[in-house]
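Student: Here is my input, please return the structure:
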Amino acid sequence: MNPYELINSEWEGEPTLVLVDHAAQATAEIIPAVGLHLFRFDVRNESYIAKPDSLSELRVKSSRYGVPILFPPGRVKQAAFTFEGREYRLPLNREPDHAHGELRERPWKVVASGADAAGGAYVSAEFNIAEHPEVLAYYPHAASFRFTYRLKDGTLSLTGEIANLSGEAMPLSLGFHPYFAFADGEASRVRVMIPAAAEWPLTEGGFAAAGPSPSPLVAALKEGTVVTSLPGYPGGSQLLSMEPGDQTCELHYEARGTKLVFHMGDKFPIHVLFTAPWTNAVSLEPYTSIMNVFNEAYPTEQSGALALQAGDTFRFNWDFHIEKL
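Tutor: Residues are numbered from 1 along each chain as shown. Got it, this is the predicted structure:
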């Protein structure tokens with residue numbers, strides 16, 4: 001018997017895809033029309049992803065809920081940067097800067113979906129910049145994004161490929177902004193564990209003020225610290241460099257007796273830790289680089305600045321699942 005199911009559903013009239021793992025009692029829901037947004041992940045009747053009250057709210061605030069795809073992540077100062085001698089001018093979507101890119105809000109095209117015992121429940125979708133002239137106008141590269149969400153054995157994974165189909169190198173800075181939810185009054189019993197190596201000091205505007213170094217927060221995160229003790233809670237944001245290699249973060253939900261295990265792979269050396277002031281959630285955000293990276297002068301091995309050469313493909317994988325404490 002196939003324990004997996006793919007359900008075609010809708011949210012306020014917009015088609016969604018629901019991935020179901022009956023054996024694990026896990027459900028994930030994705031809306032391709034709004035940035036291939038994962039906006040629900042429930043396990044055994046507990047919600048682990050923060051969902052907005054309405055689809056209209058997600059459309060206008062797509063970086064504030066679910067798991068937004070960020071390209072680029074964070075803010076780009078003055079919405080402009082230079083890469084290999086070419087100036088890029090991005091939309092002013094958070095004046096005077098650009099924030100989080102537009103892939104999080106634009107429609108993605110579903111190219112495959114299904115559910116079977118061998119592969120679990122899955123959906124694959126593409127976004128090709130060459131098919132969006134308004135994006136191509138400020139990011140002049142025929143880049144193709146193909147991402148696959150899969151729910152199998154209780155684990156929700158995202159695998160992705162970004163192919164540079166243009167004839168020249170392109171700047172690449174990618175991130176994700178998962179909002180891991182907790183209930184009213186639960187924050188003091190949610191513990192965050194991150195294998196960070198160093199913390200970046202930030203300017204008042206949130207940009208890197210100097211290179212990373214060890215800090216008391218880094219030491220606390222390795223041991224585990226509750227959400228309410230994080231700096232600036234709620235609303236605080238910290239920029240971290242991770243230990244090299246495969247990285248795994250954890251959120252311990254002590255009141256539920258569960259932990260969320262977030263395996264981020266080895267392609268995201270930068271991590272942003274953020275507590276949302278508008279919803280009950282903490283974000284553990286894997287980034288390929290610091291934000292505003294192509295305007296910064298830090299060494300590449302620190303900043304994570306990437307150039308994807310013509311014809312090359314960037315590949316990544318991350319996943320999370322729920323275990324008992």
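
Student: Neighbouring strands of the top strand by length along the chain in the sheet, and parallel or not?
Tutor: In the chain, assigned by DSSP state E, the strand with the most residues is strand 313-324. Strands that pair with strand 313-324, judged by DSSP bridges, come out as strand 155-164 (antiparallel), strand 258-265 (antiparallel).

Student: Which one of those lies nearest to Ala50?
Tutor: strand 258-265 (12.9 Å; Cβ to Cβ). Where you see a C-beta, it was placed from the backbone N, CA and C, and this is true even at glycine.

Student: How far does the helix or strand following that closest one sit from its chain's centre?
Tutor: Heading C-terminal from strand 258-265, the first helix or strand you meet, by DSSP states H and E, is strand 270-275. Between the centre of strand 270-275 and the centre of its chain there are 10 Å (Cα atoms, centre = their mean, to the nearest Å).

Student: now stretch 181-197
Tutor: The answer for stretch 181-197 is 17 Å, by Cα atoms, centre = their mean.

Student: all strands of the stretch 201-325 of the chain, in order?
Tutor: Taking DSSP state E, counting those that start in this stretch as the test, the strands found in the stretch 201-325 of the chain are 225-226, 237-242, 247-253, 258-265, 270-275, 281-287, 306-308, 313-324.

Student: rewinding a little: what sits up against the longest strand of the chain?
Tutor: Contact with strand 313-324 is made by 26, 43-44, 46, 48, 153-164, 172, 174, 176, 178, 257-265, 267-268, 286, 306, 308, as judged by Cβ atoms under 8 Å, 6 or more residues apart in numbering.

Student: Give me the angle between the longest helix that the chain contains and strand 237-242.
Tutor: The residue-count maximum for a helix in the chain (DSSP state H) belongs to helix 216-223. Angle, helix 216-223 to strand 237-242, by axes from the mean of the first three to the mean of the last three Cα atoms, to 10 degrees: 70 degrees.

Student: Which elements pack onto helix 216-223?
Tutor: Here helix 216-223 touches strand 190-193, strand 196-200, strand 237-242, going by 3 or more Cβ pairs under 8 Å, 6 or more residues apart in numbering; DSSP states H and E.

Student: would you turn those into CSV with mean pLDDT and distance to Pro32?
Tutor: Output for these, formatted as CSV (pLDDT from 0 to 100; distance: least, Cβ to Cβ, whole Å):
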stretch, mean pLDDT, distance to Pro32
strand 190-193, 98, 30
strand 196-200, 98, 33
strand 237-242, 98, 29
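
Student: Is it possible to get TSV of those strands that adds mean neighbour count and distance to Pro73?
Tutor: Shown next, in TSV, are those (neighbours: other Cβ atoms under 10 Å; distance: least, Cβ to Cβ, whole Å):
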stretch	mean neighbour count	distance to Pro73
strand 190-193	21	19
strand 196-200	20	14
strand 237-242	22	11
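
Student: To Cys249, which of those strands lies closest?
Tutor: strand 190-193 (6.3 Å).

Student: Who does that closest one pair with, and is each partner parallel or antiparallel?
Tutor: When DSSP bridges is applied, strand 190-193 pairs with strand 225-226 (antiparallel), strand 247-253 (antiparallel).

Student: which one of those has the most crowded surroundings?
Tutor: Each of those was scored by mean neighbour count; the highest is strand 247-253, a mean of 20, by mean count of other Cβ atoms under 10 Å.

Student: What lies in contact with that strand?
Tutor: Strand 247-253 has contacts (Cβ under 8 Å, 6+ apart) with 46, 180, 182, 186, 189-195, 224, 259-266, 268, 271, 282, 284, 286, 325.

Student: Could I get the strands paired with strand 313-324 in JSON lines, plus columns for mean pLDDT and mean neighbour count?
Tutor: Output for the strands paired with strand 313-324, formatted as JSON lines (pLDDT from 0 to 100; neighbours: other Cβ atoms under 10 Å):
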{"stretch": "strand 155-164", "mean pLDDT": "98", "mean neighbour count": "19"}
{"stretch": "strand 258-265", "mean pLDDT": "98", "mean neighbour count": "19"}
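
Student: Gly74 is nearest to which of those?
Tutor: When those are compared (using Cβ to Cβ), the closest one is strand 258-265, at 16.8 Å.

Student: CA-only coordinates of the closest one in CSV, if you can.
Tutor: Extracted in CSV, the C-alpha atoms of strand 258-265 (Å, rounded to 0.1, in the frame of the first residue of the first chain):
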residue,chain,number,x,y,z
THR,A,258,9.5,17.1,20.0
LYS,A,259,12.4,18.5,18.1
LEU,A,260,12.7,19.8,14.6
VAL,A,261,15.9,18.7,13.0
PHE,A,262,17.0,21.0,10.1
HIS,A,263,19.8,19.6,7.9
MET,A,264,21.1,22.3,5.6
GLY,A,265,23.9,20.5,3.7
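
Student: okay, the angle between that strand and strand 270-275?
Tutor: Using the same axes, to 10 degrees: strand 258-265 against strand 270-275 is 150 degrees.

Student: Strand 258-265 to strand 281-287, inter-axis angle?
Tutor: Strand 258-265 and strand 281-287 are oriented at 20 degrees to each other (the same axes, to 10 degrees).
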